[in-house]
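[1] got a predicted model here, sequence first, then my questions.
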Amino acid sequence: MDDLKQELKENIVEQLNLEDIAVEDIDDNDMLFGDGLGLDSIDALELIVMLDKNYGIKLTDPKEGRAIFESIDVMAKYIFENRTK
Amino acid sequence: MNSKYHITSFCSIKNNTVSLNGSVIYNDENNDFLEFIKAAYKSFETDYTKFFKMDALSKLAFLAADVLLKNEDLNQEEENNIAIVFSNKASSIDTDRKHQKSIQDKDDYFPSPAVFVYTLPNICIGEISIKYKLFSENSFFIFDAFNAQHLLDYTNSLLSTDKTEKVLCGWVELDGDHYEAFLYLVTKKGLTTHNKENILKLYNT
């Protein structure tokens, strides 16, 4: 699980172009949206694509992302339980 | 024909160099555009993290506009009555290609929303407008080459009909390794008369 969390942090920083944020600065429980990393609605769509491309998880309702993308911790648990690749 | 309007400042970005009013303000020998524009952005200490999420054309247009507008002491807390009239030849082809590449293989079909949103050239106008609170008229024209006469006529029309107080206009071209930005600000006061001859003279500086 720790490897998955690390992988998620690295992918988020790289794929969402978070130039001013270092992987080691992201806490497992930091909020990804709002006051946390400050991600926006386009970032949310990118995360949905990332779930599909990297882990074979298709979110048909973007609203599902609100709960799943709460934090690295929540995301990692969801991926661990639902991944198909 | 003498114009009653004036060019108050101009900025160009080309050949690894950023110039403001004819003076070089940044230069490096990095031949990779994305590396060059990132280094230039950092050197100007503009604190705007959205810059890193922009596509290449928007980075080019945003940095040129930022260099120029920073010099105008605008109040960034209030709406600024500045229109934008941009033009280029390649439209958003650089980003269009990236998007096309992501959808051409049906077995590896993962289009990026962050890329797709930049598949129009006028998105770069939006990026500048958000940063500087510019809610006036805006247009993006596609020409085979820099068209000083069209920019002159369109800008004069906006000013003479009181659609705006100032116009930020010019050329922002990017296609692969080729890039070139030339932006200038037209107002009712200034030393350089706003006419075709002067626009071309500054463009060729």
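    Sure thing, it's come through. Because the structure is a prediction, the values reported are computed rather than measured.
[2] what does chain B put close to chain A?
    Residues of chain B found near chain A (CB under 8 Å from any CB of the partner chain) are B:49, B:52, B:53, B:110, B:111, B:112, B:113, B:114, B:117. Where C-beta positions appear, they are placed from N, C-alpha and C, glycine not excepted.
[3] which positions in chain A make contact with chain B?
    Near chain B, when you scan chain A using CB under 8 Å from any CB, you find A:16-20, A:38, A:42-43, A:45-46, A:49, A:52-53.
[4] excluding chain neighbours, what is closest to the residue lying farthest from the centre of chain A?
    Among the C-alpha atoms of chain A, the one farthest from their average position, using CA atoms, centre = their mean, is that of residue A:20, at 17.2 Å. Nearest non-adjacent residue to residue A:20, counting by CB to CB, 6 or more residues apart in numbering or on different chains: residue B:49, 5.5 Å away.
[5] got it, and residue B:188?
    Using CB to CB, 6+ apart and skipping residues adjacent in sequence, the residue nearest residue B:188 is residue B:5, 6.1 Å away.
[6] these two touch, right, that neighbour and residue B:185?
    No - using CB atoms under 8 Å as the test, residue B:5 is too far from residue B:185 to be in contact (10.5 Å).
[7] going along the chain, name the helices of the chain.
    Since you didn't name a chain, this refers to chain A. Taking DSSP state H, the helices of chain A run over residues A:2-15, A:41-55, A:64-68, A:72-82.
[8] wait, chain B
    Taking DSSP H as the criterion, chain B carries its helices at B:33-43, B:56-70, B:93-103, B:113-116, B:123-132, B:148-160, B:196-203.
[9] centre of the chain versus the shortest one, how much separation?
    Read that as helix B:113-116. How far helix B:113-116 lies from its chain's middle: 20 Å, per CA atoms, centre = their mean, to the nearest Å.
[10] who does it touch, helix- and strand-wise?
    Helix B:113-116 sits against helix A:41-55, helix B:93-103, with contacts defined as 3 or more CB pairs under 8 Å, 6 or more residues apart in numbering or on different chains; DSSP states H and E.
[11] tell me the contacts of the closest residue to residue A:6 other than its chain neighbours?
    Spatial nearest neighbour of residue A:6, excluding adjacent residues (CB to CB, 6+ apart): residue A:23 at 7.5 Å. Residues in contact with residue A:23 (CB atoms under 8 Å, 6 or more residues apart in numbering or on different chains) are A:6, A:9, A:10, A:13.
[12] pull the helix or strand with minimum mean pLDDT from chain A.
    Ranked by mean pLDDT, DSSP states H and E, the weakest helix or strand in chain A is helix A:64-68, scoring a mean of 88.
[13] all good on my end, thank you.
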